[in-house]
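Trainee: Sequence below, structure please.
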Amino acid sequence: MNQKIIGVDIGGTKCAISLGAITGNGITLIDKHIFNTGESIYVDRIIGEIILSISELLHRNALTEKQMDAIGISCGGPLNVKEGLILSPPNLIGWDNIAIVNILQNHFNVPVKLQNDANACTLAEWRFGAARGYENAVFLTFGTGLGAGLILNGKLYSGSNDMAGEVGHIRLAEHGPVGYGKMGSFEGFCSGGGIAQLAKSKVYEKLQVGQPVAFCPNVHDLEHLDARIVADAAREGDELAREIYRLSGESLGKGLAIIIDILNPQVIVIGGIFTRCQDLLWPAASAILSRECLPSSLAECLVVAAKLGDNVGDYAALAVAINDQAVCA
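Mentor: Modelled structure (predicted):
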């Protein structure tokens, strides 16, 4: 009998509610609903919308709440997974000590599990995607923020207090875009917000000295500049846009070298922006890796784009719902 499960992917810009079916070792994504979480300070309202979305998703697919077997929640850290708490993630302003597991468990009366987004994506890619079959694997989110999930010796590793894998906080340079509350951090250079910051500073330099920028003609357009606009311009041959992605790619290479040298993984799977912009990021990242990384460790490690693509967040939350090892230290 197929299990019907719900995945809740809480992100810094949107929340995706997914309905899935479990058959054997596979997950089928049946339906989903997305709404914006840009005003994430209004936590109660967003939680209410999550509850409403779950109910509407079930109703839309002719299911009752009693036919739902479990709920999995994927959310940016820091979290207290064992207590089911969201603990002030930097991309979710106002989400301070929110007992999200108890809230949903009490409302729907089904098992609810929580895991940080990087770990959740790691579980999904490990069970169903590009990391399947590996004993030592790392997943990097590379989305609104940057985090990592770790599979070490065939188990999800969460650390002493669920903080393992917060590689976005590593400082790669004294100066640079701000990410995870730190200037020049791995997340600052390798995230959607970081690339946008990098682009705005580089474009502003050009505009101040009267040099035209085709993808951002004047300072009033800086506010709307984002990673996607820059990527489109880079693919059209804009040299400044290509330089911005080259700088992000170089930082990606530096960060990957640290991870490979310390953890010696067999595979690193990268999601988010990397899945769409690998052609713009990888040449610079690869060159840095060859220069910085231990050759024997690098030779054993594949770096690949997430197999589950843009839907990895949906499958990740669903994977949390059914994973018996959602908490492993």
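Trainee: OK, contacts around the most centrally placed residue in the chain?
Mentor: The chain has Thr141 as the residue nearest its centroid, 3.2 Å off, counting by C-alpha atoms, centre = their mean. When contacts are counted by C-beta atoms under 8 Å, 6 or more residues apart in numbering, Thr141 touches 117-118, 121, 147-148, 271-272. C-beta here means a position set from N, CA and C on the backbone, and glycine is covered the same way.
Trainee: Need the pLDDT of it.
Mentor: You'll see Thr141 listed with a pLDDT of 88.
Trainee: Quick check: it vs Ala287, distance?
Mentor: As judged by C-beta to C-beta, to the nearest Å, Thr141 and Ala287 stand 23 Å apart.
Trainee: Show me which positions of the lengthiest helix in the chain end up buried.
Mentor: Counting by DSSP state H, the longest helix found in the chain is helix 239-263. Neighbour counts over helix 239-263 (16 or more other C-beta atoms under 10 Å) mark 240-257, 259-260, 263 as buried.
Trainee: just checking, what packs against that helix?
Mentor: Helices and strands touching helix 239-263, by 3 or more C-beta pairs under 8 Å, 6 or more residues apart in numbering; DSSP states H and E, are strand 148-152, helix 186-189, helix 192-208, helix 227-235, strand 267-270, helix 273-292, helix 295-299.
Trainee: Packed most tightly, which of the ones you listed would that be?
Mentor: Highest mean neighbour count of these: helix 186-189, a mean of 29 (counted as mean count of other C-beta atoms under 10 Å).
Trainee: That helix - contacts with which helices or strands?
Mentor: strand 178-179, helix 192-208, helix 239-263.
Trainee: now those in a markdown table, with mean pLDDT and distance to Val312?
Mentor: Listed next are the helices and strands packed on helix 186-189 as a markdown table, based on pLDDT from 0 to 100; distance: least, C-beta to C-beta, whole Å:
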| stretch | mean pLDDT | distance to Val312 |
| --- | --- | --- |
| strand 178-179 | 95 | 20 |
| helix 192-208 | 96 | 15 |
| helix 239-263 | 98 | 18 |
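Trainee: Go through the ones you listed and name the closest to Leu281.
Mentor: With C-beta to C-beta as the measure, helix 239-263 is the member of the helices and strands packed on helix 186-189 nearest Leu281 (4.0 Å).
Trainee: now the closest one against helix 227-235, angle please.
Mentor: Interaxial angle, helix 239-263 versus helix 227-235 (axes from the mean of the first three to the mean of the last three C-alpha atoms, to 10 degrees): 110 degrees.
Trainee: next one: helix 239-263 to chain centre, how far?
Mentor: 17 Å (C-alpha atoms, centre = their mean, to the nearest Å).
Trainee: could you check the angle helix 273-292 makes with it?
Mentor: 70 degrees.
Trainee: For the closest residue in space to Lys206 that isn't next to it in sequence, which residues are in contact?
Mentor: Counting by C-beta to C-beta, 6 or more residues apart in numbering, Lys206 lies nearest to Val213, which is 5.1 Å off, once chain neighbours are set aside. Val213 makes contacts with 203, 206-207, 240, as judged by C-beta under 8 Å, 6+ apart.
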